[in-house]
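Chemist: Let's see this in three dimensions:
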Amino acid sequence: MHQSRLIDLVNRLAIIGSMMIAMFLGDQLVTWGQELHLERTDVLTQQPLGQSMPDVRSSGPVLGSPALGSPVPGSPTQVAESVPMSSSVGMEAASSDTGRSQSEGTEIAVPSELQVLLDRGGEPNTIEQLRLLEKQNRLIADKAASCTVSVQIGPAQGCGVIITESGYILTAAHVAMRPGKTAKVTMSNGRVILAKTLGMNRRVDAGLMKIDAGQNGNTPWPHASLGKSESLMPGMWCLATGHPGGYDASRGPVPRVGRILRTRLGAIETDCALIGGDSGGPLFDIAGRLIAVHSRIGNDVTENLHVPIDFYGTSWDRMQAGEAWGFLPGFRPVIGVRGPDSSSVTVYPDSPADDAGIQDGDSIDQFGDVVIHSFEDLKKAVADTMPGERVAVWISRDGSSFKRIIEVGRDE
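Modeler: From the prediction side, this is the model:
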């Protein structure tokens with residue numbers, strides 16, 4: 001059997017298998033994703049700047065996801081922000097930014113036999129309905145592959161999804177990191193292009209990027225069809241794509257079928273098996289419409305949070321303008337020092353700053369690319385990072401200047 005036919009067969013069996021397991025085992029879903037679970041490092045979550053807090057340790061960052069452990073479903077920390085869920089005028093306008101569409105999206109006509117599963121979810125009642133659902137997901141996976149991209153910024157890697165012919169990419173805020181960063185974007189066929197990060201609504205982990213102009217001639221970029229998230233409910237079928245563990249040329253984007261477990265303000269939870277490297281990738285309904293973007297990878301690979309697509313619409317104008325704001329509850333970046341002046345900081349014991357070798361009385365002169373003139377400058381520079389990010393810090397001590405690398409912690 002030719003290698004291409006073998007890979008296609010394996011992918012086909014993976015989709016059928018994950019559908020059968022999701023239907024009959026429900027919350028007991030166990031998938032190959034657990035075998036790919038990346039090792040999580042232990043990172044300090046430390047005191048916020050200027051405040052004294054007890055020393056707390058927790059799971060650190062997985063490649064392509066924030067330093068986490070998924071919050072408890074339904075907990076108060078899940079209420080990220082209150083915004084209308086159906087205002088997506090700016091994003092919809094951008095999705096038709098070249099006028100009449102020249103390229104197909106990902107939407108697929110839904111057979112009448114599957115309409116009830118699209119509208120309300122539930123389990124297929126017949127073998128024929130199951131076969132139609134498998135075929136529908138196969139068609140969506142094939143189309144979704146072309147607009148599901150791998151995103152690399154420095155050593156960190158995640159995913160994104162192209163949503164316009166001109167090259168706008170939705171991703172997770174923690175993947176985009178901050179505005180103005182250059183990203184290496186890898187298409188499903190291995191082609192590498194460059195993009196620039198724009199804005200991000202960190203309150204819900206929504207990020208936006210744009211592919212640099214002049215890299216595709218006059219050919220429109222393949223893109224996802226936009227859906228809506230306001231009417232989603234538990235039990236609905238969905239398909240996640242991404243690059244688990246990073247881009248693999250021999251495999252391409254990996255589709256995973258699952259169902260919505262819970263919906264709440266600012267997050268959708270599904271049992272699609274995701275791991276590090278998937279963050280920022282797309283979640284589709286069974287009509288092939290983009291309904292969410294992968295956000296936080298849970299402690300269990302089958303309990304994961306996604307950013308509802310409607311939040312990208314309500315945040316579109318600010319993100320398109322390159323604005324970044326807020327932070328996820330429990331994910332405020334900290335380094336564990338206090339002022340009142342950056343020329344003589346006090347370092348909390350066992351903090352990220354302490355681990356990096358910064359001492360009481362040191363002067364922090366530069367944090368990453370930002371020259372520090374005051375403690376307020378330092379607070380703003382730290383606030384513009386993500387937990388788990390490694391940042392070069394230049395300090396002065398006893399007349400000597402030297403560099404240290406600090407791994408940013410998080411305030412729970």
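Chemist: Every contact and neighbour count from this point should use C-alpha atoms.
Modeler: Fine.
Chemist: tell me which element A249 falls in.
Modeler: A249 belongs to no helix or strand when assigned by DSSP states H and E.
Chemist: how far away is it from G277?
Modeler: Here the criterion is Cα to Cα, to the nearest Å. By it, A249 lies 14 Å from G277.
Chemist: More neighbours: the two, which one.
Modeler: More crowded of A249 and G277, by other Cα atoms under 10 Å: G277, with 27 against 13.
Chemist: So R289 versus L265, what's the distance?
Modeler: 20 Å.
Chemist: Which one's more surrounded, these two?
Modeler: In this view R289 and L265 are compared by other Cα under 10 Å, and R289 has more residues nearby, 23 against 19.
Chemist: Tell me what the more buried one is bridged to.
Modeler: Beta-bridge pairing of R289 under DSSP bridges involves S225.
Chemist: burial count for G258?
Modeler: Residue crowding around G258 was assessed by other Cα under 10 Å; the count is 27.
Chemist: isn't it right next to L239, touching?
Modeler: Yes: between G258 and L239 there is a contact under Cα atoms under 8 Å: 6.2 Å.
Chemist: all helices of this protein, in order?
Modeler: Assigned by DSSP state H, the chain shows helices spanning 3-25, 89-95, 115-120, 127-147, 173-176, 309-314, 316-320, 352-355, 375-383.
Chemist: give me every residue that touches D360.
Modeler: Listed by Cα atoms under 8 Å, 6 or more residues apart in numbering, the contact set of D360 reads S344, V345, T346, V347.
Chemist: ok, the second one - how many residues close by?
Modeler: Read it as V345. 21.
Chemist: what's the answer for the first one, then?
Modeler: Here the number of neighbours of S344 (other Cα under 10 Å) works out to 18.
Chemist: Over to the third one?
Modeler: Here the neighbour count serves as a burial measure; for T346 (other Cα under 10 Å) it reads 21.
Chemist: for the last one, same thing?
Modeler: Applying the criterion other Cα under 10 Å, we find 23 residues in the vicinity of V347.
Chemist: Next: S146.
Modeler: Neighbour count of S146, defined by other Cα under 10 Å: 21.
Chemist: Check S231 too.
Modeler: Around S231 there are 10 other residues, counting by other Cα under 10 Å.
Chemist: mind checking how far it is from L170?
Modeler: From S231 to L170 the distance is 21 Å (Cα to Cα).
Chemist: Likewise for A267?
Modeler: 16 Å.
Chemist: G227 now?
Modeler: In terms of Cα to Cα, G227 sits 13 Å off from L170.
Chemist: When the two are compared, which one has more neighbours?
Modeler: More neighbours surround L170 than the other of G227 and L170, with 27 against 19 (other Cα under 10 Å).
Chemist: residues contacting the more buried one?
Modeler: Counting by Cα under 8 Å, 6+ apart, L170 makes contact with G160, V161, I162, I163, A206, G207, L208, M209, G280, V293.
Chemist: Strands of the stretch 201-350 of the chain, residue ranges please.
Modeler: 206-211, 225-226, 237-240, 256-264, 267-270, 282-285, 289-294, 304-308, 324-325, 332-334, 337-338, 346-347 (DSSP state E, counting those that start in this stretch).
Chemist: could you say what helices and strands the second one packs with?
Modeler: Using 3 or more Cα pairs under 8 Å, 6 or more residues apart in numbering; DSSP states H and E as the contact criterion, the neighbours of strand 225-226 among helices and strands are strand 289-294.
Chemist: Please tell me how far the strand it packs on is from the chain's geometric centre.
Modeler: 11 Å (Cα atoms, centre = their mean, to the nearest Å).
Chemist: how about the nearest residue to Q359 once chain neighbours are set aside, what does it touch?
Modeler: Excluding its sequence neighbours, the residue lying closest to Q359 (Cα to Cα, 6 or more residues apart in numbering) is V347, at 6.2 Å. Contact analysis of V347 by Cα under 8 Å, 6+ apart lists G336, V337, R338, A353, D354, I358, Q359, D360.
Chemist: pretty sure the second one is touching Y348, no?
Modeler: Yes: with contact taken as Cα under 8 Å, V337 and Y348 are classed as touching, separated by 5.9 Å.
Chemist: export the contacts of D360 to JSON lines and tack on distance to E323 and pLDDT?
Modeler: What follows is these, written out as JSON lines (distance: Cα to Cα, whole Å; pLDDT from 0 to 100):
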{"residue": "S344", "distance to E323": "31", "pLDDT": "85"}
{"residue": "V345", "distance to E323": "29", "pLDDT": "90"}
{"residue": "T346", "distance to E323": "31", "pLDDT": "92"}
{"residue": "V347", "distance to E323": "31", "pLDDT": "93"}
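Chemist: can you count the residues close to M233?
Modeler: 18.
Chemist: residue contacts, it?
Modeler: Counting by Cα under 8 Å, 6+ apart, M233 has contacts R120, G121, I260, R262, T263.
Chemist: Quick check: beta-bridge partners of the residue nearest to V393 when sequence neighbours are not counted?
Modeler: Spatial nearest neighbour of V393, excluding adjacent residues (Cα to Cα, 6+ apart): F367 at 4.7 Å. F367 forms beta bridges with V370, V393, as assigned by DSSP bridges.
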